[in-house]
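In: give me the fold of what follows.
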Amino acid sequence: MGQRKEISLPALLGVSDRLLRRLEAVLLVLLEERPRHINALSSALGMERRLVSYHLLTLEDKGFVTSKYEISEEPRSKGKALRVYKVTAKVADVKAKLKKAFSGVAVPADASRRKAAMKVTSHLTTVSK
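Out: Numbering: from 1, shown residues only. Next up is the predicted model:
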């Protein structure tokens, strides 16, 4: 068996924050629950539509979400065309690759942050290829 790899939680969070902004991660979680339009997302997050829109477009450009116009059935917007966002299969693929890459990684509190960040980066580089 191979050696168990160690990584600190702050290093893991720092690397993941650079790879996928936290707001984008939260958007993916919300969209995994069910498809939503931008108004529902901005209300759920308590953020301006344009900020949410920016991140949705970024996620769409990266292939993590897709969107299409649908006629609303909600009482307040009934009959209006709303752009509805949903996650793509790429989200499940990336989650599976990350789970596999980190399956043998321990997360001790005292590990060196820089050293651990380098280990995570090397794993993520391998996963993305």
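In: what's around Val52, how many residues?
Out: Using other C-beta atoms under 10 Å, Val52 is surrounded by 22 other residues. Yep, even glycine has a C-beta here, placed from its N, CA and C like the rest.
In: then Glu24?
Out: 18.
In: helix, strand or coil for the closest residue in space to it that isn't next to it in sequence?
Out: Distances taken as C-beta to C-beta, 6 or more residues apart in numbering place His55 nearest to Glu24, at 5.1 Å, with adjacent residues excluded. His55 carries the three-state label helix when classified by DSSP: H, G, I helix; E, B strand; the rest coil.
In: show me where this protein has helices.
Out: For the chain, applying DSSP state H gives helices covering 9-19, 22-33, 38-45, 49-61, 89-101, 113-128.
In: for the third one, packing partners?
Out: Going back to what we said before, that points to helix 38-45. On a contact count with 3 or more C-beta pairs under 8 Å, 6 or more residues apart in numbering; DSSP states H and E, helix 38-45 meets helix 22-33, helix 49-61, strand 81-87.
In: strands paired with the shortest one, and their directions?
Out: In the sheet, strand 81-87 lines up against strand 36-37 (antiparallel), strand 65-71 (antiparallel) (DSSP bridges).
In: winner for burial among these?
Out: Burial of the strands paired with strand 81-87 is given as mean neighbour count (mean count of other C-beta atoms under 10 Å); strand 36-37 ranks first at a mean of 19.
In: avg pLDDT for it?
Out: Per-residue pLDDT over strand 36-37 has a mean of 94.
In: sorry, back to before: looking at the strands paired with strand 81-87, which is closest to Leu28?
Out: Nearest to Leu28, of all those, is strand 65-71, at 7.5 Å by C-beta to C-beta.
In: can you name the residues in contact with that closest one?
Out: Outside of strand 65-71, the residues within contact range by C-beta atoms under 8 Å, 6 or more residues apart in numbering are 27-28, 31, 56, 59-60, 79-88.
In: returning to what we had before: in TSV: the helices and strands packed on helix 38-45, plus distance to Phe102.
Out: Converted to TSV, those look like this (distance: least, C-beta to C-beta, whole Å):
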stretch	distance to Phe102
helix 22-33	16
helix 49-61	22
strand 81-87	21
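In: mind putting the strands paired with strand 81-87 into a markdown table with distance to Ala92?
Out: Converted to a markdown table, the strands paired with strand 81-87 look like this (distance: least, C-beta to C-beta, whole Å):
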| stretch | distance to Ala92 |
| --- | --- |
| strand 36-37 | 18 |
| strand 65-71 | 13 |
